[in-house]
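Engineer: just to be clear, the model below is a prediction. Sequence and coordinates:
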Amino acid sequence: MNHTTDHVILTRFNVPTAGIEGRVRAREGWLRERMALFEAFCLPSVQSQTSTDFHWIIYLDPESPVWLKSRLAELNTGGLFTPVYRSQISDSERISDIRAVTGAKGQRLISSNLDNDDALATDFVERLQKIPTGSSRTAVYFVNGLILSGDALYANRDSTNAFCSVRETWDSPVTCWADWHTRLGKSMPVLEIDGPAGWLQVVHGTNVSNRVHGTRIAASAAPKAFGQLLSGVKDPSGLELLYELALARPGRWSRDRLRSLAKAAVLGTFGKSGLDRLKDSVNARFRSLSSR
């Protein structure tokens, strides 16, 4: 491992959370679909990293079903990740877990968030660790990424995306889970890294909040750093491109603008807890309508 830096990837698989989302995560169907996505996208993307100089902690519910624990054990024969079972994850427990897993032998710590249904470019870790180290705690974002929805691929630029990392010393670390990925800049400097797509977000039926963003592109336009993860992508037809330019993309921009304004208003008035309650209410209503 790197003698100056400890790097850990953090994944929250099915740790219980309050509200509707927590109950959804506990459902058998949700777990099985997430496990399939984990095996199809998340796991192979970490296995394929050009640098192996990192650790990976996956947090799981202690009451996870036996089949899930068994399957993860089968997939982890090479010790790629460390499963940690917790019903809640306090700040002190998270730091303690990271110290235990990494050994805390480096002078600095890098922590990176990865959702269990998403993927990293094969050079994500290598690119991140090559960034010149500053003296202060810093949130780092690769601003360019890809979004996969069915067989359609989109290039997206997001300066506060969920694939956030935090670089800091081991003196009172806070990690990339110190706040929502969209709010890390409120408590520390932010470094935005341009260049090739560094991440792949997968839009599917069990997403709580992910939506299509960006511009649709052909499979041939995607970076090679995602390999077989994009093998099912189809090139858009001329008619699909026309629809994309004339209707779909402007519609997404308007939707995102309205959502951003509404979110800012709720946050400003009711805070993070108020926004969480609103999300729970909307998600509950949506699932109620979908089940009819």
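Structural biologist: Sure, I can see it. Residues are numbered from 1 along each chain as shown.

Engineer: quick one, helices of the stretch 101-250 of the chain?
Structural biologist: 124-130, 238-243, 249-290 (DSSP state H, counting those that start in this stretch).

Engineer: weakest of those helices by average pLDDT?
Structural biologist: Of all the helices of the stretch 101-250 of the chain, the minimum mean pLDDT falls on helix 249-290 (a mean of 55).

Engineer: let me see the ranges of the strands in the stretch 1-150 of the chain.
Structural biologist: Using DSSP state E, counting those that start in this stretch, the strands of the stretch 1-150 of the chain run over 5-12, 55-60, 82-85, 108-113, 119-120, 138-142, 144-149.

Engineer: list the neighbouring strands of the third one plus their orientation.
Structural biologist: Looking back up the chat, that one is strand 82-85. strand 55-60 (parallel) (DSSP bridges).

Engineer: repeat for the shortest one
Structural biologist: When pairing is defined by DSSP bridges, strand 119-120 lines up against strand 199-203 (antiparallel).

Engineer: taking strand 138-142 as reference, get the angle to the strand it pairs with.
Structural biologist: Here strand 199-203 runs at an angle of 70 degrees relative to strand 138-142 (axes from the mean of the first three to the mean of the last three Cα atoms, to 10 degrees).

Engineer: and the angle for strand 199-203 with strand 144-149?
Structural biologist: On the basis of the same axes, to 10 degrees, strand 199-203 is oriented at 20 degrees to strand 144-149.

Engineer: distance between strand 199-203 and the chain's centre?
Structural biologist: Distance of strand 199-203 from the chain centroid (Cα atoms, centre = their mean, to the nearest Å) equals 8 Å.

Engineer: how about stretch 41-51?
Structural biologist: On Cα atoms, centre = their mean, the centre of stretch 41-51 falls 14 Å from that of its chain.

Engineer: avg pLDDT for that stretch?
Structural biologist: Per-residue scores along stretch 41-51 average to 98.

Engineer: end to end on it, go ahead and measure it.
Structural biologist: From its first residue to its last, stretch 41-51 covers 18 Å (Cα to Cα, to the nearest Å).

Engineer: buried stuff in it?
Structural biologist: 41-46, 48-49, 51 (16 or more other Cβ atoms under 10 Å). In short, each C-beta sits where N, CA and C put it, glycine included.

Engineer: let me see the domain layout of this protein.
Structural biologist: 5-236, 237-292 (automatic domain parsing).

Engineer: out of these, which is the most enclosed?
Structural biologist: Comparing the domains of the chain by mean neighbour count (mean count of other Cβ atoms under 10 Å), domain 5-236 ranks first with a mean of 17.

Engineer: roughly how far apart are residue 169 and residue 135?
Structural biologist: 9 Å (Cβ to Cβ, to the nearest Å).

Engineer: same question but for residue 43, I mixed them up
Structural biologist: Distance from residue 43 to residue 135, by Cβ to Cβ: 35 Å.

Engineer: now the buried residues of stretch 41-51 as a markdown table including distance to residue 154?
Structural biologist: Below are the buried residues of stretch 41-51 laid out as a markdown table (distance: Cβ to Cβ, whole Å):
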| residue | distance to residue 154 |
| --- | --- |
| 41 | 15 |
| 42 | 19 |
| 43 | 23 |
| 44 | 21 |
| 45 | 18 |
| 46 | 22 |
| 48 | 22 |
| 49 | 24 |
| 51 | 27 |
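
Engineer: of these, which belong to helices?
Structural biologist: 43-46 (DSSP state H).

Engineer: and which of the residues you listed is nearest residue 118?
Structural biologist: Taking Cβ to Cβ as the measure, residue 118 sits nearest to residue 45 out of those, at 8.2 Å.

Engineer: and that closest one, how far from residue 115?
Structural biologist: Noted for residue 45: a distance of 11 Å to residue 115, by Cβ to Cβ.

Engineer: could you do residue 141 as well?
Structural biologist: 15 Å.

Engineer: ok, now residue 231?
Structural biologist: 21 Å.

Engineer: ditto for residue 71
Structural biologist: 18 Å.

Engineer: next: residue 135.
Structural biologist: Residue 135 sits 30 Å away from residue 115, going by Cβ to Cβ.

Engineer: same question for residue 145.
Structural biologist: For residue 145, the distance to residue 115 - Cβ to Cβ - is 12 Å.

Engineer: same question, residue 48
Structural biologist: Computed as Cβ to Cβ, the residue 48 to residue 115 distance reads 17 Å.

Engineer: next: residue 186.
Structural biologist: Relative to residue 115, and taking Cβ to Cβ, residue 186 is found at 21 Å.

Engineer: same deal with residue 69?
Structural biologist: Distance from residue 69 to residue 115, by Cβ to Cβ: 20 Å.
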